[in-house]
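> below: sequence and its predicted model.
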Amino acid sequence: MRKKQQGGRGSHKSEDVRAARLAPPSCSGLRVRPNPNLISPAGAGGPPVRGPRKRGAVRRPSQRNFLFGPNRCVDHPVAVRLARLKALTTAPRQTAHPTPRKTTTTRDGTQVRRRTPYSQEGGRKEDRKAIARSRSNYLRVHFKNTRETAAAITGLKLAKALSFLNDVTEHKQCVPFRRFSGGVGRTAQAKAHKATQGRWPLKSAKYMIQLLKNAQANAVANELEPEDLIITSVNVNQAPKTRRRTYRAHGRINPYQGHPCHVEIVLTPVTAEVEKAEDVVVTKRRGVRAPKAIAAS
């Protein structure tokens, strides 16, 4: 039969242990995690006595209680480090040289962020009224297809560009692909543009038609004649890529990105017609000099 252990609930040792638990802890023994088998008799002041954990005895407070408990020791090096870290994280962030945000004031006095300038930004107000512009940002349309569509309509008159884009949507004419032509098929419609590869980017043509109509409305507001407008500049820039994921075989995951773009169109009226230059025969050979006149002997 198992012998009953000493030190029950009614013993004086358990009362001494409870009194020691309620006493504020000291910072001398915090660096090493206390052993639960060590029990320090209260009032003795001597070293802890090693022995089995008896009934009614309690463990010494752990290091977590010393650092985060109600009677935590504020002088402990770990506690000092945590308090310093908390002060750094909760303090407001201050920059040495704050960058001022470009803003402008509206008529009602509110501050709004200034818009990004166009590629052809006139200095005077009269210069800005002499052209018509239109742009759109973060278009969910392929950058490469839109770039080739913009290159195809650059230099055309407004009416001719709209007619060309409508033919592209109906597959009557193609957009020649000259720069981003990898893997693009050949078509006989590209012969009209002195090219061999071409496609029919419907979505790019749709957005271009909308931007051209918007620029035409801006031209009417600036008192310009739409019949005299020529597309002098079409800028297509890459926008931040949209990220998704696609799930492949054998548990793999690959990126599935989109390539949006920013588009800007500038229309300029034709000021004067330039006469066609006379045909000048220029040799293709380099370093050929004109024959000298032979003096009569």
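Right, received. Where do you want to start?

> tell me the mean pLDDT over stretch 164-181?
Stretch 164-181 comes out with an average pLDDT of 97.

> got the contact list for it?
144-145, 147-149, 151-153, 156, 184, 187, 189-190, 192-195, 197-202, 204-206, 208-209, 212 (CB atoms under 8 Å, 6 or more residues apart in numbering). For the C-beta atoms, the positions are set from N, CA and C on the backbone; glycine is no exception.

> next: stretch 206-222.
129-136, 139, 141, 146, 149-150, 153, 158, 161-162, 165-166, 169, 225-226, 229, 231, 263, 265-267.

> could you pull out the strands in this structure for me?
Along the chain, counting by DSSP state E, strands occupy 38-39, 49-50, 103-105, 111-113, 132-139, 175-176, 198-199, 229-238, 242-247, 253-258, 261-269.

> out of those, deepest packed?
Most buried of these by mean neighbour count (mean count of other CB atoms under 10 Å) is strand 175-176; its value is a mean of 25.

> tell me the strands beside that strand, with direction?
In the sheet, strand 175-176 lines up against strand 198-199 (antiparallel) (DSSP bridges).

> can I get the strands of the chain in a markdown table including distance to Val220?
Shown next, in a markdown table, are these (distance: least, CB to CB, whole Å):
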| stretch | distance to Val220 |
| --- | --- |
| strand 38-39 | 92 |
| strand 49-50 | 97 |
| strand 103-105 | 26 |
| strand 111-113 | 26 |
| strand 132-139 | 8 |
| strand 175-176 | 28 |
| strand 198-199 | 33 |
| strand 229-238 | 10 |
| strand 242-247 | 35 |
| strand 253-258 | 34 |
| strand 261-269 | 11 |
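
> looking at those, which is closest to Ser119?
strand 229-238 (5.3 Å; CB to CB).

> so for that closest one, what's the average pLDDT?
95.
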